[in-house]
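Colleague: Just a sequence and a predicted model for now, questions to come.
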Amino acid sequence: MSGRFVIRNESSDAFAEVDELANQLVTIEATHHRVHEGAFFSLGVASGTLANNASLEILIQTPADFGIHMRGIASCGGDATIDWFEGTTFSAAGTAITPANRNRQSANVARGTWTHTPTLTADGTSLFSTYILGGTGGNATGGSTGIFEEWILDQSQTYLLRLTNISGLVKVATLNIDFYDPSFEQE
């Protein structure tokens with residue numbers, strides 16, 4: 001059986017569609033749904049000339065009333081390390097990053113404070129470390145990693161995400177974060 005069906009609830013009617021070939025309910029992934037709700041955001045930093053042993057850093061200061069749900073992706077033109085810290089302290093937060101709402105029709109603005117290039121006094125507690133295996137020297141081909149599937153960050157906490165180029169040469173690198181704010185989700 002295929003076609004469209006009406007599902008009735010207390011406040012409105014919703015439509016469900018069944019795929020004609022698979023005879024299965026058509027659905028969308030949760031992330032896609034959060035984009036529709038205006039609750040999904042992205043940000044990042046990049047360098048076309050990240051020196052050997054230099055780092056890209058994103059400092060996250062979470063709001064007091066909820067924990068941000070986030071995941072990251074990093075890439076480098078050669079070998080690199082990825083480090084993730086909680087309880088980071090700093091003397092200067094760095095340069096502000098404005099997260100982009102992935103639903104460009106939504107007026108929702110990301111909460112929390114997001115910066116790059118902070119002046120740190122202590123990294124904090126290490127939560128996660130890994131390598132990007134991209135090669136060293138002139139033969140490096142580059143690599144990327146999904147840093148983690150999802151972390152739910154604590155309220156009123158400071159976090160640091162760092163990528164360090166260890167390839168032996170200047171390389172291109174990026175550090176990106178996708179996250180959602182559950183306070184914008186519809187009930």
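Modeller: Happy to help now that I have it.
Colleague: Sketch out the low-pLDDT regions of this structure for me.
Modeller: Counting by pLDDT under 70, the ranges of the chain that qualify are 1-15, 19, 21, 137, 146-148, 185-187.
Colleague: what residues go with each domain of it?
Modeller: The chain breaks down into these domains under automatic domain parsing: 1-36, 42-184.
Colleague: Let me see the contact set for Ala140.
Modeller: Contact partners of Ala140, counting by Cβ atoms under 8 Å, 6 or more residues apart in numbering, are 77-79, 134, 167, 169, 171. Just so you know, the C-beta spots here come from the backbone N, C-alpha and C atoms, and that holds for glycine as well.
Colleague: Which pair of these spans the longest distance?
Modeller: Gly134 and Leu169 (10.9 Å; Cβ to Cβ).
Colleague: can you put the contacts of Ala140 in a markdown table and add neighbour count, distance to Asn101 and secondary structure?
Modeller: Shown next, in a markdown table, are the contacts of Ala140 (neighbours: other Cβ atoms under 10 Å; distance: Cβ to Cβ, whole Å; DSSP: H, G, I helix; E, B strand; the rest coil):
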| residue | neighbour count | distance to Asn101 | secondary structure |
| --- | --- | --- | --- |
| Gly77 | 22 | 30 | coil |
| Gly78 | 27 | 33 | coil |
| Asp79 | 22 | 34 | coil |
| Gly134 | 22 | 31 | coil |
| Ser167 | 23 | 34 | coil |
| Leu169 | 15 | 37 | coil |
| Lys171 | 26 | 31 | strand |
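Colleague: possible to save those as TSV with distance to Ala100?
Modeller: Below are the contacts of Ala140 laid out as TSV (distance: Cβ to Cβ, whole Å):
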residue	distance to Ala100
Gly77	25
Gly78	28
Asp79	30
Gly134	27
Ser167	29
Leu169	31
Lys171	25
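Colleague: returning to what we had before: name the residues contacting each of Gly134 and Leu169.
Modeller: Both Gly134 and Leu169 are in contact with 78, 140, where contact means Cβ under 8 Å, 6+ apart.
Colleague: Which single one of the contacts of Ala140 is nearest to Thr31?
Modeller: Gly134 (26.7 Å).
Colleague: Leaving out the residues flanking it, which one is nearest to that closest one?
Modeller: Nearest residue to Gly134, sequence neighbours excluded (Cβ to Cβ, 6 or more residues apart in numbering): Gly143, at 3.6 Å.
Colleague: from memory that neighbour sits against Thr130, does it?
Modeller: No. Using Cβ atoms under 8 Å, Gly143 is not in contact with Thr130; the gap is 11.2 Å.
Colleague: Neighbour count for the two, which is higher?
Modeller: Gly143 (17 against 14; other Cβ atoms under 10 Å).
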